[in-house]
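Build me a model from this:
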Amino acid sequence: MNYTDYVRDPDRDCAVVAHRGIWRDAPENSLVAIEAAIQAGCDVVEIDVHRSADGGLFLLHDRTLQRMAGIDEAPEALSSARLAGLTLRNRDGGENNAMTGERLPSLQQLFDLTRDRIFLHLDVKDRAIVPDVIACARDLDVESQVDFWGSLRTPEDLAWVRETVSPYGMLFMAKSRIGATHAEAELDLLFQLAPAVCEVCFDRIEDIAALHARRTGMALWANTLDSVAFAGFTDTAAMQDPDAIWGRLIEAGISLIQTDEPVALKSYLASRRG
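Residues are numbered from 1 along each chain as shown. The predicted model follows:
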């Protein structure tokens with residue numbers, strides 16, 4: 001099954017999306033963290049992508065390598081050979097986490113590791129390089145298992161998606177604001193594009209249910225990451241009361257949840273199935 005068919009499957013369970021892999025015992029965005037997500041049975045893994053000075057594509061979240069590799073340089077300033085030789089700090093990096101033997105992975109290494117094993121949510125940090133990422137995915141025959149994320153706030157955003165992503169039939173996830181006073185304009189763009197999946201930003205959970213009732217074949221994605229979650233629906237709160245957070249999101253119509261606690265979310269979903 002390809003990613004788009006999976007997302008549109010009305011009978012599937014809520015998808016568990018592992019944020020930067022399972023990084024509690026491995027560097028985030030590392031191959032070992034991604035392998036851990038596969039072994040744990042996660043459905044999707046979220047990965048961040050930057051470009052090197054000579055056009056290579058590498059897995060990194062930040063604008064610089066300071067937090068994860070201890071080097072105060074942007075990845076765009078270094079060659080692919082230099083980036084490939086860098087080792088990573090454990091977990092989410094920083095001075096309090098020790099350096100490991102894990103190296104900064106390339107996008108090609110990611111695709112080789114995950115081919116036909118897990119779906120990939122690619123957070124490409126500069127959308128100007130999305131065509132290069134698409135080309136890499138197509139060259140390595142993994143285009144049916146990856147998605148691209150992007151805000152859908154303006155007609156220019158809509159035109160960019162239609163020009164850059166849509167011609168290749170690859171899954172695009174729109175990020176849209178719902179329920180706010182300015183949301184109708186964004187929702188109009190969303191329904192013009194009609195993507196298979198949308199990440200929702202919300203102030204009230206009731207707005208998710210309202211959108212769920214209006215949608216046609218569009219899966220809804222929510223983040224419960226502490227740093228970016230909405231309306232208090234965080235991983236920290238979910239660990240205390242999963243029914244009040246993950247359960248309420250699912251009941252409102254969310255069918256993909258990105259989390260830093262994927263093992264706990266999988267266990268909770270299993271308990272709901274009884």
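
Please, which helix or strand holds the closest residue to residue 30 other than its chain neighbours?
Distances taken as Cβ to Cβ, 6 or more residues apart in numbering put residue 102 closest to residue 30, at 4.5 Å, once the chain neighbours are dropped. Backbone N, C-alpha and C define where each C-beta goes, glycine included. Assigned by DSSP states H and E, residue 102 falls within strand 99-103.

list the helices and strands that strand packs on?
Contact analysis of strand 99-103 by 3 or more Cβ pairs under 8 Å, 6 or more residues apart in numbering; DSSP states H and E lists strand 87-89 as its packing neighbours.

Quick one: the helices in the chain, in order.
3-8, 31-39, 66-69, 80-84, 107-114, 130-139, 155-164, 183-193, 205-214, 235-240, 242, 248-252, 262-273 (DSSP state H).

Just put these in TSV and tack on mean neighbour count, mean pLDDT and distance to residue 53.
Output for those, formatted as TSV (neighbours: other Cβ atoms under 10 Å; pLDDT from 0 to 100; distance: least, Cβ to Cβ, whole Å):
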stretch	mean neighbour count	mean pLDDT	distance to residue 53
helix 3-8	19	96	31
helix 31-39	21	98	22
helix 66-69	22	98	15
helix 80-84	18	98	8
helix 107-114	18	98	15
helix 130-139	17	97	14
helix 155-164	14	95	23
helix 183-193	16	88	34
helix 205-214	17	86	42
helix 235-240	17	98	35
helix 242	19	98	44
helix 248-252	18	96	41
helix 262-273	16	96	34
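
how near is the residue nearest to residue 30 to residue 33?
8 Å (Cβ to Cβ, to the nearest Å).

Common neighbours of those two, please.
Taking Cβ atoms under 8 Å, 6 or more residues apart in numbering as the contact criterion, the common neighbours of residue 102 and residue 33 are 26, 27.

Got the phi and psi for residue 105?
Per-residue torsions, residue 105: phi -80, psi 160 (degrees, to the nearest 10).

There's contact between it and residue 57 in this structure, I believe.
No. Assessed by Cβ atoms under 8 Å, residue 105 is found out of contact with residue 57, at 10.0 Å.

for residue 212, what are its contacts?
Residue 212 neighbours (Cβ under 8 Å, 6+ apart): 220, 252, 253.

is it true that residue 122 touches residue 148?
Yes. Look at residue 122 against residue 148 with Cβ under 8 Å: they come within range, at 5.8 Å.

what's the overlap in contacts for these two?
Shared contacts of residue 122 and residue 148, defined by Cβ under 8 Å, 6+ apart, comprise residue 133.

Contacts only, for residue 25.
Residue 25 makes contact with 36, 90, 91 under the criterion Cβ under 8 Å, 6+ apart.

meant to ask about residue 30, not that
By Cβ under 8 Å, 6+ apart, the neighbours of residue 30 are 21, 23, 59, 88, 100, 102, 105.

If burial is judged by neighbour count, which of those pass?
Among those, those buried by neighbour count (16 or more other Cβ atoms under 10 Å) are 21, 23, 59, 88, 102, 105.

re the thing from before, would you reformat the contacts of residue 30 as a markdown table and include distance to residue 50 and pLDDT?
As requested, those are exported to a markdown table (distance: Cβ to Cβ, whole Å; pLDDT from 0 to 100):
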| residue | distance to residue 50 | pLDDT |
| --- | --- | --- |
| 21 | 16 | 98 |
| 23 | 17 | 97 |
| 59 | 8 | 98 |
| 88 | 14 | 98 |
| 100 | 20 | 98 |
| 102 | 17 | 98 |
| 105 | 12 | 98 |
